[in-house]
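**Q** the sequence and its predicted three-dimensional model are supplied below.
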Amino acid sequence: MRQTVSRARFLAAMFAIPVAVSVAGCRGSSAATRLTITGSTTLLPIAEVTGEDFQYGHSGVRILASGVGSSAGIESVSQGSCDIGTSSRDLKPEEKALGLVDTPVAYDAIAVVVNPANPVRSLTSEQVRGIFQGRITNWAEVGGPDLPIGLVNRDEASGTREAFTKIVLKGGAFDARAAVLPGTGQVRAVVAGTPSAIGYISYGFVTGDVKAVAIDGVAPSPETVVSGRYPVRRLLHMLTKGEPTGLTKEYIDFVLSPAVQEKTVRDAGFLPVTEQGG
């Protein structure tokens, strides 16, 4: 069984999201050797890499993972059309009545990202809120160039959007003029190619082609996320209809094992659930 993975594998999985969605879909297990996982695009690379590694130690097992958004994953697992639903947001009050068992599997931060050419390095929470709600529309208003701000948002099925709304916007509404994209990779690509753009993505997928800005003077890092100093953080979840059993339980236990948590989860840019803090 392989337990060593590289960041390149996670980035490759991230860019392969559209293919994974169209090929894997979300189907219930048709045999005891098939396990289907669907939901959060943020969690998709972890599901794919751990699924691949899990298969090496379980002959005949096939794991199918897809990224269609957290809300779709929650709906699918609650209806029994997949074995595990993944979510990058907490369950809503009405979803808690669906009989789902929630297993947190990683700790994450949401990074606000701009183009590397943008001189702005830090924003206050109020400035970020003002930008994404459309009250601040030019970079000059926050110490940047005289350039209209290009907002990049996620679609409504996104758990990242749900968490960002709750933590940053305090439940307020996004500016309706923002470009809306379906996945983390797409947001990153647009921000990387647009000097005026700003978006938000999982900290685990911040690469050199975008720049994560500090919020209230604190940049996202493993240390600031664990300590609670960085304000935009969340848990990532795997959900089952009732207590997991059989192959489903074996796989989730594998994801929670020390080797996977300390190596695979960290290689993905996330933090082990045992390191929650603050």
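**A** Structure's in. What do you need?
**Q** for the lengthiest strand in the chain, give the mean pLDDT please.
**A** For the chain, the strand with the greatest residue count under DSSP state E is strand 100-114. Averaged over strand 100-114, pLDDT sits at 95.
**Q** now do it: distance to the chain's middle.
**A** Strand 100-114 sits 6 Å away from the centroid of its parent chain (CA atoms, centre = their mean, to the nearest Å).
**Q** CA atoms of that strand as PDB?
**A** Presented in PDB, the C-alpha positions along strand 100-114 are these (Å, rounded to 0.1, in the frame of the first residue of the first chain):
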ATOM      1  CA  LEU A 100     -26.600  11.600   8.300                       C
ATOM      2  CA  VAL A 101     -23.500  10.800  10.300                       C
ATOM      3  CA  ASP A 102     -20.800  13.400  10.000                       C
ATOM      4  CA  THR A 103     -17.200  12.500  10.100                       C
ATOM      5  CA  PRO A 104     -14.800  15.400   9.900                       C
ATOM      6  CA  VAL A 105     -11.700  14.400   7.900                       C
ATOM      7  CA  ALA A 106      -9.500  17.500   7.500                       C
ATOM      8  CA  TYR A 107      -9.200  21.100   8.600                       C
ATOM      9  CA  ASP A 108      -9.000  23.900   6.000                       C
ATOM     10  CA  ALA A 109      -8.800  27.600   5.500                       C
ATOM     11  CA  ILE A 110     -10.400  29.700   2.700                       C
ATOM     12  CA  ALA A 111      -7.900  32.000   1.100                       C
ATOM     13  CA  VAL A 112      -8.800  35.300  -0.600                       C
ATOM     14  CA  VAL A 113      -6.700  35.300  -3.700                       C
ATOM     15  CA  VAL A 114      -5.600  38.000  -6.200                       C
END
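**Q** what does stretch 72-84 rub up against?
**A** Applying CB atoms under 8 Å, 6 or more residues apart in numbering, the contact partners of stretch 72-84 are 26-29, 35-40, 47, 68, 85-87, 91, 95, 98-100, 157, 238-241, 244, 247-248, 251-252. Yep, even glycine has a C-beta here, placed from its N, CA and C like the rest.
**Q** just checking, what packs against the longest strand of the chain?
**A** Contact here means 3 or more CB pairs under 8 Å, 6 or more residues apart in numbering; DSSP states H and E; on that basis strand 100-114 packs against helix 70-79, helix 159-167, helix 184-193, strand 197-202, strand 211-212, helix 222-227, strand 233-241, helix 246-256.
**Q** Throw these into a markdown table and include mean pLDDT, distance to Thr274 and mean neighbour count, thanks.
**A** Compiled in a markdown table, these are given as follows (pLDDT from 0 to 100; distance: least, CB to CB, whole Å; neighbours: other CB atoms under 10 Å):
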| stretch | mean pLDDT | distance to Thr274 | mean neighbour count |
| --- | --- | --- | --- |
| helix 70-79 | 96 | 23 | 24 |
| helix 159-167 | 92 | 21 | 21 |
| helix 184-193 | 96 | 25 | 21 |
| strand 197-202 | 96 | 19 | 26 |
| strand 211-212 | 98 | 24 | 19 |
| helix 222-227 | 86 | 10 | 17 |
| strand 233-241 | 95 | 12 | 23 |
| helix 246-256 | 97 | 9 | 17 |
